[in-house]
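A.B. asks: Here's a sequence, model it:
(one chain, ligands or ions: 1)
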Amino acid sequence: MADKIKVIVVGAGGRMGREVVKLVLQDEELELVAAVNRSEAGTDAGKLVGLEPCGILVMDQLEKALSQTDADVMVDFTTPQYAYEHTSLAISHGVRPVMGTTGFTTEQITELDKQCQKQGIGGLIAPNFSIGAILMMKFAAQAAKYLPNLEIIEYHGDQKLDAPSGTAVKTAEMIAENRKEIRQGNPKEEETIEGSRGGYYNGFRIHSVRLPGVFAQQEVIFGDFGQTLKIRHDSYERAGYMPGVKIGIQKVMEYTGMVYGFDHFID
Ligand code: NAD
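C.D. replies: Modelled structure (predicted):
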């Protein structure tokens, strides 16, 4: 059997991180070599996620985990504030980053690609690991060729830090590749309450709904004379992202450079 891929999970105590720890501990092709979280230091990572103890104790410093293990891949679900720093740190240790954390700028992604190329390793920044969500983005980008008037509405829980969501930004970018900038709506339109029309991107609008009780949904609405088309994806639980995370961990071992978007792995 091929060697197991050695994985560090950062944000291991978080909602997504716990699912990743479970995935890595339960998958025969993966091996957990470190779990990092700001709190919970010293707790057994298996116990942390409700499984049998695994002998890996949660660390509170990513730097320590990177220098004290021979990890192949770092999976990070922390917070946009640390996304760039963690990615760059992993690359500097020759560890391939698989970033679920959102909030990267285009300049940062370009810079991280350079760092990966220099180290000769792969990296992945995936604003959404859900295969259904990726298909929603691809279908939306395709529809925009024929129905260029559209708006994006994304829905997330009220504690989400960044807006619009990484998925909405990525969708907008994919749509913009298939559609010239068209400033939609009435040119004389005025907002009587600031922000009513949402964020402006490439001539269309993005609306971010933040409510308790909501998990993650996105709708792309296309309008044309006498018709609308709605392409909608609903995520109900975090486990739904894990098949994508596993594919990401495997793929990142196979190429050099930073890939932005899980869509690159779905034809
Ligand atoms: P969460 O708040 O439940 O978990 C974040 C965890 O990271 C916490 O346990 C926190 O202690 C830890 N953390 C924060 N800063 C840290 C640091 N510097 N070092 C170590 N640990 C640190 O959040 P969540 O719901 O799990 O989401 C995490 C991120 O993943 C967010 O950016 C979210 O938008 C993103 N997300 C991405 C996808 C995707 O498919 N790519 C899906 C869901 C969420």
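
A.B. asks: quick one: contacts for residue 19?
C.D. replies: Contacts for residue 19 were tallied using Cβ atoms under 8 Å, 6 or more residues apart in numbering; they are 238-239, 241-242. Every C-beta, even on glycine, is put in place using the N, C-alpha and C of the backbone.

A.B. asks: Just send the residues you listed back as CSV, with secondary structure, pLDDT and neighbour count too.
C.D. replies: CSV is the format used below for those (DSSP: H, G, I helix; E, B strand; the rest coil; pLDDT from 0 to 100; neighbours: other Cβ atoms under 10 Å):
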residue, secondary structure, pLDDT, neighbour count
238, helix, 92, 20
239, helix, 90, 10
241, helix, 94, 25
242, helix, 96, 19
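
A.B. asks: so how far is residue 223 from residue 157?
C.D. replies: 28 Å (Cβ to Cβ, to the nearest Å).

A.B. asks: contacts for stretch 228-240?
C.D. replies: Taking Cβ under 8 Å, 6+ apart as the rule, stretch 228-240 contacts 15-16, 19, 130, 132-133, 135-136, 139-140, 143, 147, 215-222, 241.

A.B. asks: what subset of the contacts of residue 19 is also close to the ligand?
C.D. replies: When Cβ under 6 Å from any ligand atom is applied, the members of these adjacent to the ligand are residue 241.

A.B. asks: residues near the closest residue to the ligand within the stretch 1-150 of the chain, how many?
C.D. replies: Proximity of the stretch 1-150 of the chain to the ligand (Cβ to the nearest ligand atom) peaks at residue 14, 2.0 Å away. For residue 14, the count of nearby residues is 22 (other Cβ atoms under 10 Å).

A.B. asks: what sits against the nearest residue to it once chain neighbours are set aside?
C.D. replies: Nearest residue to residue 14, sequence neighbours excluded (Cβ to Cβ, 6 or more residues apart in numbering): residue 77, at 5.8 Å. Residues near residue 77 by Cβ under 8 Å, 6+ apart: 10-11, 14, 16-17, 20, 100-101.

A.B. asks: circling back to that earlier point, among the contacts of residue 19, which one lies nearest to the ligand?
C.D. replies: residue 241 (4.7 Å).

A.B. asks: quick revisit: including distance to residue 204, could the contacts of residue 19 go into JSON lines?
C.D. replies: Converted to JSON lines, the contacts of residue 19 look like this (distance: Cβ to Cβ, whole Å):
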{"residue": "238", "distance to residue 204": "29"}
{"residue": "239", "distance to residue 204": "32"}
{"residue": "241", "distance to residue 204": "27"}
{"residue": "242", "distance to residue 204": "32"}
